[in-house]
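Peer 1: Here is a sequence together with a model predicted from it:
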Amino acid sequence: MEARSGLRYRVGMNTPPVFQAFSPADPPAEAATPRRRLFRRSATLDDLNSLSRDTAIEALGIVFTEIGESHLKATMPVDGRTVQPYGLLHGGSSVLLAETLGSSAGNLCVEQDSMCVGLEINANHLRAVRDGKVTGIATALHVGGRTQVWEIRIEDGRGRLACISRLTLAVVPRPPV
């Protein structure tokens, strides 16, 4: 277990972190630690996928597939919409999937009067993908009042890591509609 910013989280093999609230001055006993809900807003997969209509997200075929306690997952096809001229998954497509996941997850963590916007994203493309689909999963590294940092893992159809990305978000006031 590691402690950061008033949160304690457990990370296991191939599982997202489990966030638990604690007081940094006096961490409670392990068995008595209550879980903290990471996502403050409730949303369904239908909600997230409907927000994607008529956007780059829909154009690339990205579909949200799972909302966990502390992670968000989506898939993207590897086809003519997402490959570069040599038939490999385009790095820009991977980055669009990563930013979509991280930003969407981040916005589920803020109150209705706030929103998250991207500040910085990086990606390391580790494995070529030529066909099928890729799956991305976003997990929080830091969820603060002004910034958030998300890690997004993108795997090929066989579960092999194809891209690892880190997204930094700013939490800003939501403009009036």
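Peer 2: Received it, and whenever you're ready, just let me know what you need.

Peer 1: Quick check: the residue nearest the centre of the chain vs Y86, distance?
Peer 2: The residue lying closest to the centre of the chain (CA atoms, centre = their mean) is A138, at 2.5 Å. Applying CB to CB, to the nearest Å, the value for A138 to Y86 is 28 Å. Where you see a C-beta, it was placed from the backbone N, CA and C, and this is true even at glycine.

Peer 1: got it, and R174?
Peer 2: R174 sits 41 Å away from Y86, going by CB to CB.

Peer 1: Over to V110?
Peer 2: 40 Å.

Peer 1: Please apply the same query to L38.
Peer 2: In terms of CB to CB, L38 sits 39 Å off from Y86.

Peer 1: Quick check on the two: which one has the bigger neighbour count.
Peer 2: More neighbours surround L38 than the other of L38 and Y86, with 21 against 8 (other CB atoms under 10 Å).

Peer 1: which regions of the protein lie under the pLDDT threshold?
Peer 2: Residues of the chain meeting the criterion pLDDT under 70: 1-36.

Peer 1: hang on, E58 in a helix?
Peer 2: Yes - read with DSSP: H, G, I helix; E, B strand; the rest coil, E58 is one of the residues of a helix.

Peer 1: which ones are touching it?
Peer 2: Neighbour list for E58: S52 [criterion: CB atoms under 8 Å, 6 or more residues apart in numbering].
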